[in-house]
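*Asks:* sequence-free structure coming up:
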C-alpha cells in the first residue's frame, strides 16, 4: 500500500474492494504500515468490500434509499427462499431440483441487473428455460414490490437513486481496489458519485517482475501434487502469501486436501490426528 493511499485513509477516505479477501489484505497492510511507523494505536481505516459498502448506505438511510417507506434488505438466504417459493407457486409441474433452479434464477437475476439487460418475455422466447425464468422473474419482482423488499441485485440502483436525489451523503474521497472490469450498473453508480462531487480514484497495484511458466501433467492428481510441492518450496523459501487456484474446488476438495496435507503437514494423514493446517 503506497503512502498516498495511507494518507488518504488517515484523513477519512473510503477504500472499497472487489472482494472480502482483498479488504482483509489491505486492512492488514495498513496496520503493518502503522506499526512500521511506530504507532502504538490507530483508528481502523474505512476499508470494506463492495457489497458491504452498499449495505451500509441502506443501514444509514434506515431503508429509505429510493422509497418513502422503509424497505427490507433481503439476506442471501431470504432471497433464495423467495426464489424457491416463487418457482413452486408459478409452475404447476414441480421441478425435481427446486433449490438448484432457485440458485440459477437468482444468479441470472443479478446478472441482468448488473449488465442492465431487460427481462425476457416468456411468450417471445424459443427456449423453455428462458421462458421459465421470465415467468419466475416477473413473479419474483411482484413479490418484492408488494412486500416492500430490496435485494442485492437492485441495491446498487437504489443507492444510485439516493445519491442523485441527495437522500444520503456519500464519502468525499473514494478509492477502488481490485475492479478489473466494471459492470454497467457499477459504472452508473460511480458516475453518480462523481456528479455529487466525490473524488473516485482507482488503486493501481505496483508493478512487479514476474516469471510465468506453463507446465503440463498426465492427470489431475499429478497436477495437484505438483502444485502442493510448489507451495511447499515457496513456503520454505520465505514466502508468506501463496495462492493456488483450483477450478471446481468443491468437487476436488478431498483430493486437494489430502495431497496438500501430504506436502505441508504429513502428520495430518495419521489416523485420529488432531492438527491445525497451515493453509486454508
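*Replies:* Happy to help now that I have it. A quick note: this is a predicted structure, and the numbers were derived from the prediction, not measured.

*Asks:* can you tell me the helix or strand for the nearest residue to residue 50 once chain neighbours are set aside?
*Replies:* Counting by CB to CB, 6 or more residues apart in numbering, residue 50 lies nearest to residue 16, which is 5.7 Å off, once chain neighbours are set aside. Where you see a C-beta, it was placed from the backbone N, CA and C, and this is true even at glycine. Assigned by DSSP states H and E, residue 16 belongs to strand 14-17.

*Asks:* equivalent analysis for residue 185, please.
*Replies:* Going by DSSP H and E, residue 185 is part of helix 184-195.

*Asks:* packing partners of that helix?
*Replies:* If you count contacts as 3 or more CB pairs under 8 Å, 6 or more residues apart in numbering; DSSP states H and E, helix 184-195 packs onto helix 98-114, helix 155-164, strand 199-203.

*Asks:* again, only using 7 Å
*Replies:* helix 155-164, strand 199-203 (3 or more CB pairs under 7 Å, 6 or more residues apart in numbering; DSSP states H and E).

*Asks:* who does the strand holding residue 16 touch, helix- and strand-wise?
*Replies:* Secondary elements touching strand 14-17 (3+ CB pairs under 7 Å, 6+ apart): helix 20-36, strand 46-49, helix 50-60, strand 173-177.

*Asks:* tell me which residues are up against it.
*Replies:* Applying CB atoms under 7 Å, 6 or more residues apart in numbering, the contact partners of strand 14-17 are 9, 23, 26, 45-50, 53, 171, 173-178.

*Asks:* and residue 252, how many neighbours does it have?
*Replies:* Using other CB atoms under 10 Å, residue 252 is surrounded by 15 other residues.

*Asks:* in a helix, it, correct?
*Replies:* Yes. Looking at residue 252 with DSSP: H, G, I helix; E, B strand; the rest coil, it is inside a helix.

*Asks:* now the top helix by length along the chain: buried residues?
*Replies:* In the chain, taking DSSP state H as the definition, the longest helix is helix 128-147. Buried positions in helix 128-147, judged by neighbour count with 16 or more other CB atoms under 10 Å: 131-137, 139-140, 144.

*Asks:* can I get these in JSON lines including distance to residue 84?
*Replies:* What follows is these, written out as JSON lines (distance: CB to CB, whole Å):
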{"residue": "131", "distance to residue 84": "19"}
{"residue": "132", "distance to residue 84": "14"}
{"residue": "133", "distance to residue 84": "14"}
{"residue": "134", "distance to residue 84": "18"}
{"residue": "135", "distance to residue 84": "15"}
{"residue": "136", "distance to residue 84": "10"}
{"residue": "137", "distance to residue 84": "14"}
{"residue": "139", "distance to residue 84": "12"}
{"residue": "140", "distance to residue 84": "11"}
{"residue": "144", "distance to residue 84": "15"}
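
*Asks:* much appreciated, bye for now.
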